[in-house]
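1. Okay, predicted coordinates and the sequence, questions at the end:
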Amino acid sequence: MPTKVREILMEKNSYVKFETPESLEKSALDLVENSFRNGKIKKGTNEVIKSIERGESKLVLISEDVTPPEVVYYLPTLCDERKVPFVFIKKKTDLGSRVGISSAASISIIDYGKSQELYTRVLEELNSVKK
């Protein structure tokens with residue numbers, strides 16, 4: 001793909017469908033860390049896609065600074081089709097660091113472990129943001 005076209009595509013990643021408030025991002029990152037320690041997650045876009053298609057995903061976290069953006073471009077649409085809640089995280093390094101890797105384009109929470117209250121709070125805040 002020509003550089004100019006890629007720059008236009010990356011200008012404001014068109015897959016980012018809403019602005020995630022800082023408080024929601026922090027809660028979602030706490031939830032993914034808790035799920036990593038006490039529950040179950042899938043990391044990496046291919047694994048995330050499989051978990052969504054299998055109906056296993058409780059929540060999907062998508063990084064906003066993924067290069068190239070095509071890696072996660074279709075995740076919000078897939079989540080909408082499968083009625084899986086999703087939230088955007090500003091930096092892939094923030095997302096990765098919560099699950100013991102340097103960076104993550106996307107993560108799917110399969111089992112949030114003992115974090116039912118935090119999960120419910122994240123979903124409530126997410127629903128108010130998306131309205």
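-> Yes, it's here.

2. roughly how far apart are the residue lying closest to residue 53 once chain neighbours are set aside and residue 110?
-> Distance criterion C-beta to C-beta, 6 or more residues apart in numbering; nearest residue to residue 53, sequence neighbours excluded, is residue 82 at 7.2 Å. Glycine gets a C-beta too; all of them are placed from N, C-alpha and C. According to C-beta to C-beta, to the nearest Å, residue 82 stands 14 Å off from residue 110.

3. hang on, the earlier thing: please give the number of neighbouring residues around the residue nearest to residue 53.
-> Residues near residue 82, counting by other C-beta atoms under 10 Å, number 13.

4. Please look at it and residue 54 and confirm they touch.
-> No: if you go by C-beta atoms under 8 Å, residue 82 and residue 54 don't touch, sitting 9.6 Å apart.

5. anything in contact with each of residue 82 and residue 110?
-> residue 57 (C-beta atoms under 8 Å, 6 or more residues apart in numbering).

6. Would you tell me what the next helix or strand after the helix ranked longest in the chain is?
-> As assigned by DSSP state H, the longest helix anywhere in the chain is helix 22-38. Once helix 22-38 ends, the next helix or strand along the chain (criterion: DSSP states H and E) is strand 40-43.

7. name the helices or strands packed onto that next one?
-> The contact analysis (3 or more C-beta pairs under 8 Å, 6 or more residues apart in numbering; DSSP states H and E) places strand 40-43 against helix 45-53, strand 106-111.

8. at 10 Å instead, please
-> helix 22-38, helix 45-53, strand 59-63, strand 106-111 (3 or more C-beta pairs under 10 Å, 6 or more residues apart in numbering; DSSP states H and E).

9. can you list the weak-confidence ranges in this structure?
-> For the chain, residues meeting the criterion pLDDT under 70 lie at 1-13, 131.

10. So for it, the centremost residue is which one?
-> Centroid-nearest residue in the chain: residue 61, 1.2 Å away (criterion: C-alpha atoms, centre = their mean).

11. Fine, thanks again, bye for now.
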